[in-house]
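>>> Curious how this folds, go ahead:
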Amino acid sequence: MRKSSIVLGLIFSVSLLFAQDVACTYKQDRFSSGEVLKYRLYYNWKFVWIPAGEVRFSVKEIEQNYLIEVVGKTFDSYNSFFEVDDYFFSRIDKTTGMPKNFIRKIKEGSYVRYDSISFNHMENRAVGSLGKTRETSLPYEEHLSNCAHDIISILYNVRNLDLENKGEGSVIPFSVFFDREEFNLKLEIGKRKRKKIKGLGKQETIHLIPEVVAGEVFDENSKMNIWVSNDKNRIPLLIESPVSIGSVKAILVSAIGLKEYKTYVE
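Sure thing, here's the model as predicted:
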C-alpha cells in the first residue's frame with residue numbers, strides 16, 4: 001500500500017466529511033465567487049506537531065458554473081521528508097450543485113497521478129482518463145448512482161446542507177466517486193459546542209464524524225473528527241485525522257471573500 005501524503009489526506013478528509021442528502025436537493029447560499037480558504041497542515045512526529053504544508057481552496061464563478069481549485073504544497077523544510085505538489089479542480093453546476101468535470105494532478109514523493117472525469121448525471125455515467133500523467137493515462141467509463149460527487153464538489157455541496165434540523169447522533173448517507181470507484185458512506189452529526197481552536201480562539205462549532213474508507217489514505221478502524229463553523233459560512237475550522245503515514249491536523253489560517261462576513265480570529 002502506498003503511503004499517502006498529508007495533503008491528499010486532508011483533501012480526502014474534507015471531502016469525505018460532507019454529504020448531499022438522499023433527496024439530492026440543493027440551495028446555494030453559503031459561498032460566493034472570490035472565496036479563498038487556506039489551511040495549515042501539521043504532521044505528528046514523536047508526539048510533536050510539525051508544520052508540514054498548506055492547502056488553499058478557491059472559488060470562481062463563470063456563467064452557470066462554480067470553478068473550484070485546490071492547491072496543496074509542503075513547506076521547503078518538510079520536502080526532505082516527503083515533498084508534495086497537488087492540484088485539484090472541480091467544475092460545479094450552479095443550479096444543481098453537481099460536478100461536471102474533475103481534474104486531479106498530484107506529485108507526492110516519487111508518486112505521480114493524473115485523473116480527469118466528465119460526469120453525465122442524466123445517464124449516470126462517469127467518463128474519465130486515469131494514469132501517471134495526462135499523456136499516459138488510459139480512458140475508462142463507470143456507472144454512477146444518483147447524487148455521486150467528486151471529492152471536491154461534495155465539500156461545497158454540504159455547506160448548504162440543512163444541519164440545523166439534524167440532532168446529535170443523526171446519520172446522513174453520501175456518495176463519492178474516486179479512483180474509478182464509488183464509495184457509499186455516512187456522516188454522523190456530533191455535538192454543537194464552543195471550542196477553542198489554535199489561532200482562531202473560541203468558536204461555535206458542529207462536531208462531525210465521517211465514515212472513512214480503509215486503503216491508501218486511511219487504515220482500518222480509523223476515525224476522524226472535524227469541527228465546522230456553526231454559522232452561515234459552515235466552513236471546516238479544524239480537522240484531526242489518523243492517516244496511513246501517522247496523524248495529521250489541519251487548521252484554518254485565513255478566510256477571505258466569505259458570503260457572510262466573519263473574522264475567525266481570537
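
>>> All the helices of the chain, in order from the start?
Per DSSP state H, the chain carries helices over the ranges 6-16, 76-79, 153-158.

>>> longest strand of this structure?
Ranked by number of residues, the top strand in the chain under DSSP state E is strand 181-197.

>>> What segments of the stretch 51-200 of the chain are strands?
65-74, 84-93, 99-108, 111-120, 125-131, 138-143, 171-178, 181-197 (DSSP state E, counting those that start in this stretch).

>>> Give me the distance from the last one to the chain's centre.
Mean C-alpha position of strand 181-197 versus that of the full chain (C-alpha atoms, centre = their mean, to the nearest Å) differs by 12 Å.

>>> Partner strands of it and their direction?
strand 171-178 (antiparallel), strand 201-210 (antiparallel) (DSSP bridges).

>>> wait, which of those is closest to Tyr42?
strand 201-210 (18.1 Å; C-beta to C-beta). For glycine as for every other residue, the C-beta is placed from the backbone atoms N, C-alpha and C.

>>> Give the buried residues for that closest one.
Gln203, Thr205, Ile206, His207, Leu208, Ile209, Pro210 (16 or more other C-beta atoms under 10 Å).

>>> Kindly reformat these as a markdown table containing pLDDT.
Shown next, in a markdown table, are the buried residues of strand 201-210 (pLDDT from 0 to 100):
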| residue | pLDDT |
| --- | --- |
| Gln203 | 94 |
| Thr205 | 94 |
| Ile206 | 92 |
| His207 | 92 |
| Leu208 | 86 |
| Ile209 | 84 |
| Pro210 | 77 |
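
>>> picking up where we left off before, so which of the strands paired with strand 181-197 gets nearest Ser145?
The nearest among these, by C-beta to C-beta, is strand 171-178 at 5.7 Å.

>>> what stretches of the stretch 101-250 of the chain score poorly on pLDDT?
Low-confidence segments of the stretch 101-250 of the chain (pLDDT under 70): 212-223, 242-246.

>>> swap the cut-off to 50 and go again
By pLDDT under 50, the low-scoring segments of the stretch 101-250 of the chain are 217-218.

>>> Pro139 and Gly128 touch, don't they?
Yes - at 7.2 Å, Pro139 counts as touching Gly128 under the criterion of C-beta atoms under 8 Å.

>>> higher neighbour count, these two?
Set side by side, Pro139 and Gly128 show more neighbours around Gly128, with 22 against 10, by other C-beta atoms under 10 Å.

>>> Who is the nearest residue to that one once chain neighbours are set aside paired with across the strands?
Nearest non-adjacent residue to Gly128, counting by C-beta to C-beta, 6 or more residues apart in numbering: Ile117, 4.1 Å away. Applying DSSP bridges to Ile117 gives these bridge partners: Phe102, Gly128.
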